[in-house]
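In: Fold the following.
(one chain, ligands or ions: 1)
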Amino acid sequence: MKIRLDNVVKEFETFRAVHGVSLDIDSGELVALLGPSGSGKTTILRMVAGLEYADAGAIYFGDENATDIPVRERGVGFVFQHYALFPHMTVGENIAFGMKVSKIKRSPQAIAARVKELLDLVQLSGLKDRFPGQISGGQRQRVALARALAVDPRVLLLDEPFGALDANVRRDLRRWLRKIHDELGITTLFVTHDQEEALDLADRVVILNKGKIVQEGTPEAVCRSPADAFVMNFLGDANRLDADIRGGKAHVDGIAFEADGIADGSGQILFRPADVTWREDGQGIAASIVRVIDRPDSRRVLAMTRSGQAVEFDTAPEFPHRRGDAGFLDIRRPRVYAAA
Ligand SMILES: Nc1ncnc2c1ncn2[C@@H]1O[C@H](COP(=O)(O)OP(=O)(O)OP(=O)(O)O)[C@@H](O)[C@H]1O
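Out: Next up is the predicted model:
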């Protein structure tokens, strides 16, 4: 099922949480809405679900305008971070619940067969008779997904479904979710504020800031060509140096970087800590080392340029330099932006 958001607006009293968002999600696509807290991700998801009404704009499911269709008739399945399972029902009963109350009547045998099929799918076959209090958090979220899938939704909506789990479980579950998505091919919209989760899982990432889409594209596209300084910063560690832009060049501490098409004035260059090489041969921005921090597989070095701007970079664990050593920062893949 294709989903289309056409200039959707949502206001809470005087506060505009979603500013005219337009988005096309292809049938079978897994799209992540990624953004900082308060950027409007959940509000957009709730409007797609029908739990919240849009103040302006329209939401289409296929060719049908679904804007005014009530939640129960939209054919959506949800998994939320805190969408608790019914504690007094077993895992099997939780999964069966939606089928029992659905308008589509199924025989008890058909429901039992579907519960078994879903338990196999989420790899929890042995836990049918346990209660939610007797299984782990990761298992509970897998049951929640099975419950959402039980009624054959046209669209799956996931709001930080793994948000409350620890990092290793999260990583396993997102690989698992991707696999299930590939098997079932249900159009899926996934909300997260975790960059790694979005990049790992999604076909396409939609990055939001203050209720607006700032960039959308494949994980590769948003990583390799961040649209602006916000996206560059939000997707990972980034160094930022003030620059003076003149005649298509960005000048920082006497070094010039390409800045084609950027108007003269103040600007900034951003680059990743992995894209810096420390040199002693005079090539790059002059700097001195302020601190060296050990990490399991690398060293993170903090340096200060002559104009007093801080830069962090990553090196091999064997990096021999220490606090106070002078050298040069050779920067690869710098991105130049006009000052915000
Ligand atoms: N029912 C509401 N009443 C008033 N303001 C609301 C309501 N729901 C959300 N907001 C506001 O709308 C903005 C967007 O909220 P939303 O929950 O969509 O953000 P989010 O990107 O999902 O954030 P988070 O990652 O923290 O969940 C926030 O500023 C929030 O305070």
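In: per-residue confidence at the one residue in the stretch 101-250 of the chain that gets nearest to the ligand?
Out: As assessed by CB to the nearest ligand atom, the ligand sits closest to His193 within the stretch 101-250 of the chain, at 4.7 Å. In short, each C-beta sits where N, CA and C put it, glycine included. At His193, the pLDDT value in this model is 92.
In: Just give the number of residues close to it.
Out: Neighbour count for His193, taken as other CB atoms under 10 Å: 18.
In: What does it show for phi and psi?
Out: phi -110, psi 10 (degrees, to the nearest 10).
In: so it touches Leu33, yeah?
Out: No - assessed by CB atoms under 8 Å, His193 is found out of contact with Leu33, at 9.6 Å.
In: Give me the common contacts of those two.
Out: Common neighbours of His193 and Leu33, counting by CB atoms under 8 Å, 6 or more residues apart in numbering, are Lys41.
In: rewinding a little: residues in contact with the residue of the stretch 101-250 of the chain closest to the ligand?
Out: If a contact means CB under 8 Å, 6+ apart, then His193 has 34-37, 41, 160 as its contacts.
In: For those, name the two members farthest from one another.
Out: Pro36 and Glu160 (13.0 Å; CB to CB).
In: Same drill for these two, tell me which one is more crowded.
Out: Applying other CB under 10 Å to Pro36 and Glu160 shows that Glu160 carries more neighbours, namely 19 against 13.
In: Quick check: closest non-adjacent residue to that one.
Out: Nearest residue to Glu160 in three dimensions, chain neighbours excluded: Gln81, at 4.3 Å (CB to CB, 6 or more residues apart in numbering).
In: and that neighbour, how many neighbours?
Out: Neighbour tally, Gln81, other CB under 10 Å: 17.
In: Relative to the ligand, how far out is it?
Out: In this view, Gln81 and the ligand are 9 Å apart by CB to the nearest ligand atom, to the nearest Å.
In: In this model Leu158 seems to touch that residue, though I could be wrong.
Out: No - if you go by CB under 8 Å, Gln81 and Leu158 don't touch, sitting 9.3 Å apart.
In: Surely Ile3 is in contact with Ile59?
Out: Yes - at 7.2 Å, Ile3 and Ile59 qualify as touching, with contact defined as CB under 8 Å.
In: anything in contact with each of these two?
Out: With CB under 8 Å, 6+ apart as the test, Ile3 and Ile59 both reach Val48.
In: so who does the residue located most distally from the centre of the chain touch?
Out: Going by CA atoms, centre = their mean, the residue of the chain most distant from its centre is Asp281, 40.5 Å out. Counting by CB under 8 Å, 6+ apart, Asp281 touches Phe328.
In: Give me the three-state assignment for it.
Out: coil (DSSP: H, G, I helix; E, B strand; the rest coil).
In: Torsion angles phi and psi at it?
Out: Per degrees, to the nearest 10, the backbone of Asp281 is at phi -100, psi 20.
In: Can you check the pLDDT for it?
Out: 90.
In: Also Gly185?
Out: In this model, Gly185 is scored at 92, pLDDT.
In: Was I right to think it contacts Leu30?
Out: No - with contact defined as CB under 8 Å, Gly185 does not count as touching Leu30 (9.5 Å).
In: Compare those two and say which is more crowded by neighbours.
Out: Set Gly185 next to Leu30 and count neighbours by other CB under 10 Å: Leu30 wins out with 21 against 11.
In: ok, what's across the strand from that one?
Out: Taking DSSP bridges as the rule, Leu30 bridges to Thr188.
In: Find me the pLDDT at it, would you?
Out: So, for Leu30, pLDDT stands at 97.
In: what do you get for Phe162?
Out: Turning to Phe162, the model gives it a pLDDT of 86.
In: And for Val101?
Out: Value for Val101, per-residue pLDDT: 84.
In: quick one: it and Ser37, what's the gap?
Out: Distance of Val101 to Ser37, computed by CB to CB, to the nearest Å: 34 Å.
In: what do you get for Phe162?
Out: Using CB to CB, we find Phe162 at a distance of 17 Å from Ser37.
In: And for Gly62?
Out: Gly62 is 32 Å from Ser37, by CB to CB.
In: Then Pro320?
Out: For Pro320, the distance to Ser37 equals 41 Å [CB to CB].
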